[in-house]
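Asker: Sequence first, predicted coordinates after that:
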Amino acid sequence: MFAEIAPRYDLLNHLLSLNIDRLWRRETARRVLRGLRPQAILDVACGTGDLAVELSRQAPRARVYGADFTRPMLELATGKDRPRPAGPVRYVEADGMRLPFPDGSFDVLTVAFGLRNMEDYDAALREFHRVLRPGGRLAVLEFTQPESELVRTVYLPYFLNILPRVAGMLSQRSAYTYLPKSVLSFPTRRELAAKMGAAGFQRVRHGLLHMRIAALHLGERD
């Protein structure tokens, strides 16, 4: 499914979110990097590389890696590289639940709109913890169900009905029917925070981003 939607993935992300997805990724990079001088960064489920490129822009001297299990997505990501002191983003075809990196390889690990696509959230979080160094930081950016009744009244009909129809005109409709179903079955913000704690992360905190339909969770490895 992800391979089939790759050619129109960026277009639909920006179109269907009214470009708000760019702001979400920029803010995620800013917050996860705050106060750090990372040497190595990993973006898991990197897709076409938008967050990995943003991380490389905000941390130009860090080695940045992107990992995804969908080769067509990675092929599109490689075309977004730009000159920087630490070299281009390095892309790796890999399963986010079985990362091909030694323990303690990274100072920062991010995953944007990818954790809910993994078969076992708890196992994935434990794997993220494994490849982070002591003092390393995790950022999880995900859609979340709106808490405001007013926002839900406007958002849910769009998300469940209009979005799949519009996406179906430009790409594979079944993928964008899957999207709202996966969001509605994903853990709540508090449940995800608890899972991060159970995986070994400390100082877990979370908050809503622009439009209040995406949440950012941050945690640290001691």
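Answerer: Arrived safely, thanks for sending.
Asker: what sits against the closest residue in space to residue 95 that isn't next to it in sequence?
Answerer: Among residues not flanking residue 95 along the chain, residue 69 sits closest, at 5.1 Å (Cβ to Cβ, 6 or more residues apart in numbering). Glycine gets a C-beta too; all of them are placed from N, C-alpha and C. Contact analysis of residue 69 by Cβ atoms under 8 Å, 6 or more residues apart in numbering lists 93-96.
Asker: what's the answer for residue 159, then?
Answerer: Counted by Cβ under 8 Å, 6+ apart, residue 159 has contacts 180, 183.
Asker: Test for you: state the pLDDT assigned to it.
Answerer: pLDDT recorded at residue 159 is 74.
Asker: For the residue lying closest to residue 116 once chain neighbours are set aside, what is the enclosing helix or strand?
Answerer: Distances taken as Cβ to Cβ, 6+ apart put residue 186 closest to residue 116, at 4.4 Å, once the chain neighbours are dropped. Following DSSP states H and E, one finds residue 186 outside all helices and strands.
Asker: Most neighbours of all the contacts of residue 69, which one?
Answerer: residue 96 (23 neighbours; other Cβ atoms under 10 Å).
Asker: Identify the residue nearest that one in space, chain neighbours excluded?
Answerer: Per Cβ to Cβ, 6+ apart, closest to residue 96 is residue 44, 4.4 Å.
Asker: For the protein, which segments count as helices?
Answerer: Shown for the chain, the helices assigned by DSSP state H span residues 2-16, 20-33, 50-58, 71-77, 121-131, 149-157, 163-170, 173-184, 189-198.
Asker: before we move on, the earlier item: hang on, the residue nearest to residue 96 packs against residue 99?
Answerer: Yes - counting by Cβ atoms under 8 Å, residue 44 touches residue 99, with 7.2 Å between them.
Asker: Between those two, which contacts overlap?
Answerer: Residues touching both residue 44 and residue 99 (Cβ under 8 Å, 6+ apart) are residue 67.
Asker: So if I had to pick from these two, which one is more boxed in?
Answerer: Set side by side, residue 44 and residue 99 show more neighbours around residue 44, with 30 against 21, by other Cβ under 10 Å.
Asker: need the contact list for that one.
Answerer: If you count contacts by Cβ under 8 Å, 6+ apart, then residue 44 has 67-68, 96, 99, 109-111, 114, 128 around it.
Asker: before we move on, what about residue 84?
Answerer: Taking Cβ under 8 Å, 6+ apart, one finds 56-57, 60 in contact with residue 84.
Asker: Kindly recompute the last result at 6 Å.
Answerer: 56, 60 (Cβ atoms under 6 Å, 6 or more residues apart in numbering).
Asker: Which per-residue confidence value corresponds to it?
Answerer: 81.
Asker: Distance check, it against residue 153.
Answerer: 44 Å (Cβ to Cβ, to the nearest Å).
Asker: any idea how far residue 23 is from residue 85?
Answerer: 26 Å.
Asker: More neighbours: these two, which one.
Answerer: residue 23 (14 against 7).
Asker: And the more buried one, how far from residue 208?
Answerer: Counting by Cβ to Cβ - residue 23 and residue 208 are separated by 13 Å.
Asker: now do residue 97
Answerer: According to Cβ to Cβ, residue 97 stands 27 Å off from residue 208.
Asker: now swap in residue 162 and tell me
Answerer: To residue 208, residue 162 is 22 Å away according to Cβ to Cβ.
Asker: Please say which of these two ends up with more neighbours.
Answerer: Just comparing residue 162 and residue 208: by other Cβ under 10 Å the higher neighbour count belongs to residue 208, 15 against 11.
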